[in-house]
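>>> sequence first, then the predicted structure:
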Amino acid sequence: MTHRKLVIIPTYNELENISDMVHTVMNLEGNFELLIIDDGSPDGTGSIVESLQSDFQNRLHLMERKGKLGLGTAYIAGFKWALEKGYDFIFEMDCDFSHDPKDLIRLYEAVKDGTYDLAIGSRYITGVNVVNWPIGRVLMSYFASVYVKFITGLPIKDATAGFKCYHKSVLQGIHLDEIKFIGYAFQIEMKFTAWKLGFKLIEVPIIFTDRTRGQSKMSPKIFKEAVLGVIWMKIKSIFSPYQLNRNGSI
């Protein structure tokens with residue numbers, strides 16, 4: 001059986017990485033398709049994607065939005081698009097090569113037989129596999145996941161990971177319009193919601209390499225959202241139990 005696979009990559013000012021990323025994903029075995037969601041990058045990222053579409057007809061897709069609307073809203077828009085188009089497996093990844101595109105194949109292999117519903121590319125499942133980060137950021141990221149597990153009970157060692165493969169049933173089962181957060185807390189909320197709904201999660205070890213081109217999008221505001229958001233999610237789960245979206249799509 002051939003599965004339809006869509007990789008979603010949100011972009012903002014990724015001029016230095018976008019062309020290489022598109023070509024790398026398009027040349028992987030497994031006939032991956034790619035949806036770039038560009039938030040009106042002033043550097044012309046969207047225009048580069050548009051110019052490449054003729055080289056990868058029906059496999060390279062572009063969604064252009066007006067302005068920087070946040071990581072979470074980009075992924076939600078992409079998830080809805082993927083469900084409407086009938087994809088079987090939907091992937092999240094960054095554009096800056098901190099996630100190795102070849103690991104898309106490993107994430108797919110972890111979920112394709114139906115034993116698991118969501119595969120997470122994990123930096124911390126086999127120690128600390130991070131390259132080129134300053135020690136302060138490594139510690140912040142690692143202990144953020146410890147904090148998430150302590151507060152929520154989520155049995156994941158890399159709760160903030162943004163490299164994932166969902167079976168479509170997970171995204172169909174989540175009320176996507178009720179996902180609250182837009183920054184890195186979005187990644188935690190999606191894992192926590194999937195887990196609370198009874199989906200099976202697996203962590204796949206990866207090596208995360210910090211970007212060498214372009215600028216990081218991390219900010220104190222995004223970090224604060226994640227810290228406070230975890231407490232909000234735990235309280236919400238106590239007083240308002242999670243329910244599957246029985247509509248089955250969006």
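Good, I have the coordinates.
>>> and the pLDDT at S219?
With respect to pLDDT, S219 scores 54.
>>> same question for G248.
Per-residue confidence for G248 comes out at a pLDDT of 60.
>>> who touches stretch 74-88?
Under the contact criterion CB atoms under 8 Å, 6 or more residues apart in numbering, stretch 74-88 has outside partners 3-6, 8, 10, 33, 35, 37, 39, 63, 65, 90, 92, 166-168, 171-172, 176-177, 179, 186, 190, 249-250. In short, each C-beta sits where N, CA and C put it, glycine included.
>>> what kind of secondary structure is D55 in?
Assigned by DSSP: H, G, I helix; E, B strand; the rest coil, the conformation of D55 is helix.
>>> what about it, how many residues nearby?
Other residues within reach of D55, judged by other CB atoms under 10 Å, total 11.
>>> what of N132?
Taking other CB under 10 Å as the definition, N132 ends up with a neighbour count of 11.
>>> equivalent analysis for Y116, please.
The burial metric for Y116, expressed as a neighbour count using other CB under 10 Å, is 18.
>>> quick check, it in a helix?
No - per three-state DSSP, Y116 lies outside any helix segment and is coil.
>>> quick check: it touching V204?
No - using CB atoms under 8 Å, Y116 makes no contact with V204, being 9.6 Å away.
>>> the closest residue to G114 other than its chain neighbours pairs with what?
With sequence-adjacent residues excluded and distances taken as CB to CB, 6 or more residues apart in numbering, G114 is closest to H167, at 7.6 Å. According to DSSP bridges, F89 are recorded as the beta-bridge partners of H167.
>>> wait, H167 touches L118, no?
Yes - using CB under 8 Å, H167 is in contact with L118, at 7.1 Å.
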